[in-house]
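Visitor: Okay, here's the prediction I keep looking at, along with the sequence it came from:
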Amino acid sequence: MKKETIIFSISILVTIVIALFLSFSSVWQFIIIAGIVAGILNKTMKRGALSGAAGVGTFWLIYMLHGIITKNSYSLLDQIGTLLIGTGYGWLIFLFILLIGISYGALGGAIGSGAMILIKPRLKKYLEGIKTLEENSNFD
C-alpha cells in the first residue's frame with residue numbers, strides 16, 4: 001500500500017474518533033474540528049476533504065442509526081417530514097441531516113489541508129533560519 005493511502009485511512013479513523021468525542025458537546029457545529037484534523041493529516045486538499053467527509057459522514061450515519069434503533073427516532077424524523085413535505089418522507093430528512101454532516105466534514109477537511117498547504121513552506125523556511133542562526137552563533 002502507498003503511504004498516502006495509509007495516511008488517508010488513518011485520518012478517517014482519527015476523524016471518526018474525534019467526531020465521537022465532539023458529539024458529547026452541546027454544539028453540533030464543532031464537528032467541523034474533526035474535519036479540520038483530517039485535512040491537516042493529508043497532503044492534498046482533495047484527500048483532506050474526502051477524509052473529513054468520510055469520517056464525519058460515517059460517524060453521523062452510525063450515530064443516527066443507533067438513535068433510530070435504540071430510541072425510535074425515526075418517528076420524529078417522519079413527523080418533521082410530514083410537516084415539511086408530506087406523509088412518509090422521514091427518510092428524506094434522514095438523508096438531509098446526513099448530507100449536512102458530510103458537508104461539514106468536507107469543509108473542515110478542505111480548511112485543514114488548505115491551511116497546511118499555506119503554512120508548511122513558511123514553517124520550513126522559518127525552521128531553516130533558526131538552524132542557521134544556531135550554527136552561526138558563538139554562545140559557547
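Guide: Received it, and whenever you're ready, just let me know what you need.

Visitor: packing partners for the helix or strand harbouring Ile69?
Guide: Ile69 is located in helix 45-71, with elements delineated by DSSP states H and E. Under the contact definition 3 or more Cβ pairs under 8 Å, 6 or more residues apart in numbering; DSSP states H and E, helix 45-71 sits against helix 3-22, helix 32-41, helix 90-136. (C-beta placed from N, C-alpha, C; glycine too.)

Visitor: For Gly81, which of the ones you listed is the nearest?
Guide: Closest approach to Gly81 among these (Cβ to Cβ): helix 90-136, 4.5 Å.

Visitor: Quick check: closest non-adjacent residue to the residue nearest the centre of the chain.
Guide: Per Cα atoms, centre = their mean, the C-alpha nearest to the average position across the chain is that of Gly35, at 1.9 Å. Leaving aside its sequence neighbours, Gly35 sits nearest to Gly108 (Cβ to Cβ, 6 or more residues apart in numbering; 2.1 Å).

Visitor: give the contact list for that neighbour.
Guide: 31-39, 52, 56 (Cβ atoms under 8 Å, 6 or more residues apart in numbering).

Visitor: what's the answer for Ile12, then?
Guide: Neighbouring residues of Ile12 by Cβ under 8 Å, 6+ apart: 38, 51, 54-55, 58.

Visitor: Mind doing that once more with 7 Å?
Guide: Ile12 sits next to 51, 54-55 when contact means Cβ atoms under 7 Å, 6 or more residues apart in numbering.

Visitor: If anything else comes up later, I'll come back, but that's it for now.
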